[in-house]
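In: Quick one: sequence plus predicted model below, questions after.
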Protein chains: 2
Amino acid sequence: MDSSLISNGCNPVDFEVFKFRTDQKPVRMSSFAEMFNGGSHMSKKDDNGTVERWARWELELKGPDGGNPFLDNTLEAVFTMNGENQTARGFYDGDGTYRIRFMPNRVGRWSYTVASTMMAVDGLTGSFECVEPSAGNHGPVRVANTFHFAYEDGSRYIPVGTTCYAWTHQPPALEEKTLSTLGKSAFNKIRMCVFPKYYDFNHDEPELFPFEGSLSQGWDFTRFNPAFFRHLETRIDALQRLGVEADLILFHPYDHWGFSLMPAEIDDRYLRYIVARLSAYRNVWWSLANEYDLFTTKTVADWERIAGVIMESDAYGHLRSIHNCHGFYDHRKDWITHCSIQRTDVYKTSEMTAEWRDAFRKPIVIDECAYEGNINLGWGNITGFEMVRRFWEGFVRGGYVGHGETFLNPEEILWWSKGGSLRGESPKRIAFLRTVMEEGPDEGITPISFGNEGWDLPCGGVENSYYLFYFGFNQPSFRTFRMPENQAYRVDVIDTWNMKISALKGERSGNFRIELPGKPYMAVRMRRVR
Amino acid sequence: MDSSLISNGCNPVDFEVFKFRTDQKPVRMSSFAEMFNGGSHMSKKDDNGTVERWARWELELKGPDGGNPFLDNTLEAVFTMNGENQTARGFYDGDGTYRIRFMPNRVGRWSYTVASTMMAVDGLTGSFECVEPSAGNHGPVRVANTFHFAYEDGSRYIPVGTTCYAWTHQPPALEEKTLSTLGKSAFNKIRMCVFPKYYDFNHDEPELFPFEGSLSQGWDFTRFNPAFFRHLETRIDALQRLGVEADLILFHPYDHWGFSLMPAEIDDRYLRYIVARLSAYRNVWWSLANEYDLFTTKTVADWERIAGVIMESDAYGHLRSIHNCHGFYDHRKDWITHCSIQRTDVYKTSEMTAEWRDAFRKPIVIDECAYEGNINLGWGNITGFEMVRRFWEGFVRGGYVGHGETFLNPEEILWWSKGGSLRGESPKRIAFLRTVMEEGPDEGITPISFGNEGWDLPCGGVENSYYLFYFGFNQPSFRTFRMPENQAYRVDVIDTWNMKISALKGERSGNFRIELPGKPYMAVRMRRVR
């Protein structure tokens, strides 16, 4: 939290400033009470103001709309239960409407007190009941077991991500199509940009922009466009209904509007605004940048400052990452919760997962290992075979690989950017892999070394319990294994491309040989039975 | 040359030793003259003692066969033309027969003088005529243009290698089959071991061994088995007839006879013996070791000593290399003519060629990028697709990749070791690549960088003249190119897997777009026309 804001709400001098800046008549308390509309969004709520755990409770207030409410008025609330406080910053949503959103993380009766430069609401109090979450609501995703993830309720979250950078800047029918496609897919995370995108195959102007103004007339960076953000929010809510995490890219360089070139002051105001709006959405992750190293006007010091603004604004500690082009950001930084990686080599990508785990001691999410497709550039024209191979190579090494798709089509609707339909061969194989992942150990996959014997065969799992070997593009017709004599395993031979699991009869112990079909993309799974 | 040998021939004390050791009556000069049989082997020769350039001239002498002729007698000859001398060491070939072989590198009349501890031949002189080489005889292979090769007559040599480690230790019919297969292939270099091989899929005992003795009775390392070497020589000659260079591996660790564990003195005697026998074979290359770093009893100092013995014994300067398992030998050493590389990474192999060129400034020959096949281990079970891809990746970066094949079969005759038949899908695609190589620039391929534009598309050729782009596993449906406006190129789209070259109509200049089929393993070739 920005502690200066809290005191502002109680400071008569600032209140004077409020009056001066907004030229607004003081609003009587009674009128606020009439306009009060507390409740949760996107979750069960009753008329008495109940909200389920990790759902969004929202306080709507009417207030001044003159002057520049984005600059002139501050608003926040302290939420309290059992003597513990959490502070949530409010925001101006246009048309004289102010909102404070809150995501309660504990069940019970919460009370709140509003603090604002707007005298009439300063000191406003109330309470509501937080109840158990409904089915499918597991809370926000957290890092678990150093290299993995779990929802806040402790249930596993296995990221199976895809990328549609600009899907929320498309015509409504296309956005709905994207959601429909996602709903039928195995993807449970999507990388998406807040700002619109200007790049190859992406030269349409979007309907909505985040600031008032226009490309031709210039932008008023002091005034946000609430309609833009409300639209984004409907899409994030739709993702939440599908069980998809929104890995929200706060800055990106594919820009001709100037949003990648804003000065620090504007950046910071934007960050505080979007965090105020979105941090109560439990499925939001903060990706500070796509390809941070392609920004011409931002230094590492800028990114560190930006991270700081998010850290102090986001009361909930949503996941935070920063994604590279040429070379990694220093993922050892404390504020980085997990590594969001773009491969730095054309040939060797997710095969580096174990080394990256060792280097950063955080979850390895390879958001860009290249995309399945057929466009001109190497990051967007790998085969389905290669995409699926990279997923498996990463997974058996204890990491998580992300998908994207770039098939040319006459409409120039490429999934990686605009969403729409999936055309590739990898998504259904990735869905198959997800089932294998879900059948795997709850604690996640750890790379397992078999010394010299295993130099050519990556393995991940849990020692003495679960082993998953992946042969990749190699095509052995058999393989020998050396397991402890006093342990017995059930063995499955998995054809990762044809999505078939062949369970071998009986159990295996000690040294044994497994016959294989002499074709690529095979895996062997061993699960201990005694 | 070992200069001590030269003086030995003229030293009465050593002569006394000879007499003592061999207990042999002095042989009269006249009897040597009768037995004289100078001439060339494997090339045209007339009765007057003519030999073509780079063919093998041989002097056969009869001498003592008592004692241990391998130890007791030294023999060499100095060959002279126009005041320039070359010395060739002779060797004992069993049954009282001694030989001196010589490969003349210039046309004209050569004279020679024998020096020996055998008094009766010491001082023997003679001469012969060296004539122009016949068609197909281009001399030994040399390094050319830093990173490439040429025969000594200046014609290009483009190595297209394969591996049959133990093919000369097989039954005669199988050896003939191997030669027949090679004759129908595009391979023009073969890696092969002098010593027999003991390893997976290779546990047969060979017919011949290099030393007298046996595995059960032990070896007399002081006595070579000439029959073993004569057999090897017939095979090297057969390779020469096929235009195949014999990349002869002098030591290897796949051994249960002890040949990899011999002490330095035995190693050195073996080296001098084999160099004396084989250095006049123009198609011999010296590979000091396969997987030098797997020898338990040899240090880098040993390998350096071994290199020194070869350097001083081989009057012709045949190509010399040393091949690794885990990590490279220091290929910057002066005695190493070219890098014989085994890939050190399972995934990224020939894609490293340009970096290795920069590091070593020598030809990059990736003798082991893994083998096409289906055995259990990762070095022996890549697909034909992957093998061919590695060939192309290496070639466009200015290097040369080698082939091998390891398909299981009931007879356990795997090409990589025993030879026989080829079963894989890569050899005919490698033959196709060889035609593309041969149509390429005489000076060889240099990696060409297109800066940021080319990060995903390796290119090799000669700037402003010839460009070969290779897309590998990427599958673009088009690509744009940026060539100089004032140059015109003919453009071919090459399907490297289906072995089809599609010449585009007309010429291209400046910026242009090439349509591609959106599948992997495509190349684009541009040849300047004006």
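Out: Received, thanks. Just so you know, these numbers come straight off a predicted model, no measurement behind them.
In: would you say residue A:301 is within a strand?
Out: No. Secondary structure of residue A:301 (DSSP: H, G, I helix; E, B strand; the rest coil): helix, not part of a strand.
In: how many other residues sit next to it?
Out: Using other Cβ atoms under 10 Å in any protein chain shown, residue A:301 has 9 other residues around it. (C-beta placed from N, C-alpha, C; glycine too.)
In: Kindly report the same for residue A:345.
Out: 11.
In: for residue A:134, same thing?
Out: Residue A:134 has 11 nearby residues by other Cβ under 10 Å.
In: how close does it sit to chain B?
Out: 45 Å (Cβ to the nearest Cβ, to the nearest Å).
In: ok so residue A:177 is a strand residue?
Out: No. Looking at residue A:177 with three-state DSSP, it is helix, so not inside a strand.
In: show me what contacts it?
Out: Residues in contact with residue A:177 (Cβ atoms under 8 Å, 6 or more residues apart in numbering or on different chains) are A:419, A:420, A:421.
In: The stretch 351-500 of chain A against chain B: which residues are in contact?
Out: Residues of the stretch 351-500 of chain A found near chain B (Cβ under 8 Å from any Cβ of the partner chain) are A:351, A:374-379, A:381-383, A:386, A:408, A:455-457, A:473-480.
In: which of those count as buried?
Out: The neighbour count (16 or more other Cβ atoms under 10 Å in any protein chain shown) marks A:351, A:374-379, A:381-383, A:386, A:408, A:456-457, A:473-477, A:479 as buried among those.
In: Among the residues you listed, which lie within strands?
Out: residue A:479 (DSSP state E).
In: and the buried ones among the residues of the stretch 351-500 of chain A next to chain B, which of them are in helices?
Out: residue A:386 (DSSP state H).
In: Residue A:89 bridge partners, please.
Out: residue A:76 (DSSP bridges).
In: correct me, but it touches residue A:313?
Out: Yes. In this structure, residue A:89 is within contact of residue A:313 by Cβ atoms under 8 Å, at 6.5 Å.
In: Next, work out how far apart residue A:212 and chain B are.
Out: 36 Å.
In: where does that residue fall, helix, sheet strand or coil?
Out: Going by three-state DSSP: residue A:212 is strand.
In: The residue nearest the centre of chain A in helix, strand or coil?
Out: Taking Cα atoms, centre = their mean, the centroid of chain A lies closest to residue A:247, which sits 2.3 Å from it. Here residue A:247 is strand, with the state taken from three-state DSSP.
In: Residue A:428 now?
Out: helix.
In: just residue A:410 next, same as before
Out: Reduced to three states with three-state DSSP, the structure at residue A:410 is coil.
In: so how many other residues sit close to residue A:237?
Out: 15.
In: Averaged pLDDT, the strand or helix carrying it. What do you get?
Out: Element membership for residue A:237, per DSSP states H and E: helix A:226-241. Mean pLDDT, computed over helix A:226-241, is 98.
In: Ok, stretch A:479-499 next?
Out: 97.
In: what's next to stretch A:442-462, contact-wise?
Out: Applying Cβ under 8 Å, 6+ apart, the set of residues contacting stretch A:442-462 from outside is A:144-145, A:147-148, A:156, A:351, A:353-354, A:357, A:393, A:395-398, A:440-441, A:463, A:467-472, A:474, A:479, A:482, A:526, B:346, B:377-379.
In: Residue A:521 reaches residue A:385, doesn't it?
Out: Yes. Judged on Cβ under 8 Å, residue A:521 makes contact with residue A:385 at a distance of 7.0 Å.
In: overlap in contacts of those two?
Out: With Cβ under 8 Å, 6+ apart, residue A:521 and residue A:385 have common neighbours residue A:497.
In: nearest residue to whichever residue of the stretch 301-450 of chain A sits closest to chain B other than its sequence neighbours?
Out: Closest residue of the stretch 301-450 of chain A to chain B, Cβ to the nearest Cβ: residue A:378 (2.5 Å). Of all residues not flanking residue A:378 in the chain, residue B:456 sits nearest, at 2.5 Å (Cβ to Cβ, 6 or more residues apart in numbering or on different chains).
In: swap in residue A:75?
Out: Per Cβ to Cβ, 6+ apart, closest to residue A:75 is residue A:90, 3.5 Å.
In: per-residue confidence for that neighbour?
Out: 97.
In: got the contact list for it?
Out: So residue A:90 contacts A:59, A:61, A:75, A:76, A:77, A:98, A:99, A:100, A:101, A:114, A:116, A:276 (Cβ under 8 Å, 6+ apart).
In: Out of those, which sit inside strands?
Out: Per DSSP E, these map to strands at A:59, A:61, A:75, A:76, A:77, A:98, A:99, A:100, A:101, A:114, A:116.
In: Chain B: which of those residues is nearest?
Out: Nearest member of the ones in strands among the contacts of residue A:90 to chain B, counting by Cβ to the nearest Cβ, is residue A:101, at 43.1 Å.
In: who does that closest one bridge with?
Out: residue A:58.
In: residues touching residue A:110, list them.
Out: Residue A:110 touches A:57, A:79, A:80, A:81, A:102, A:104, A:127, A:128, A:129, A:130, counting by Cβ under 8 Å, 6+ apart.
In: Make TSV out of those residues and add distance to residue A:365, secondary structure and neighbour count.
Out: Shown next, in TSV, are these (distance: Cβ to Cβ, whole Å; DSSP: H, G, I helix; E, B strand; the rest coil; neighbours: other Cβ atoms under 10 Å in any protein chain shown):
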residue	distance to residue A:365	secondary structure	neighbour count
A:57	30	strand	27
A:79	31	strand	22
A:80	35	strand	17
A:81	33	strand	18
A:102	28	strand	27
A:104	28	coil	23
A:127	39	strand	13
A:128	35	strand	23
A:129	36	strand	17
A:130	31	strand	24
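In: Out of those, the closest to residue B:193 would be?
Out: If you rank the contacts of residue A:110 by distance to residue B:193 using Cβ to Cβ, residue A:104 comes first, at 73.7 Å.
In: Would you check that my belief about that closest one contacting residue A:57 is correct?
Out: Yes. Between residue A:104 and residue A:57 there is a contact at 6.5 Å, judged by Cβ under 8 Å.
In: shared neighbours of these two, which are they?
Out: Here residue A:104 and residue A:57 share the contacting residues A:51, A:110, A:130, scored by Cβ under 8 Å, 6+ apart.
In: Surely residue A:435 is within a strand?
Out: No. Applying three-state DSSP, one finds residue A:435 to be helix, outside a strand.
In: can you count the residues close to it?
Out: 12.
In: Spell out which residues sit in contact with residue A:503, please.
Out: A:490, A:491, A:492.
In: That one and chain B, how far apart?
Out: 21 Å.
In: Residue A:296 now?
Out: 15 Å.
In: okay, now the domains of chain A?
Out: A:3-131, A:158-438, A:455-528 (automatic domain parsing).
In: Kindly check the end-to-end length of the longest one for me.
Out: Counting by Cα to Cα, to the nearest Å, the length from the leading to the trailing residue of domain A:158-438 is 8 Å.
In: Same question for stretch A:388-406.
Out: The stretch stretch A:388-406 measures 15 Å between its terminal residues, going by Cα to Cα.
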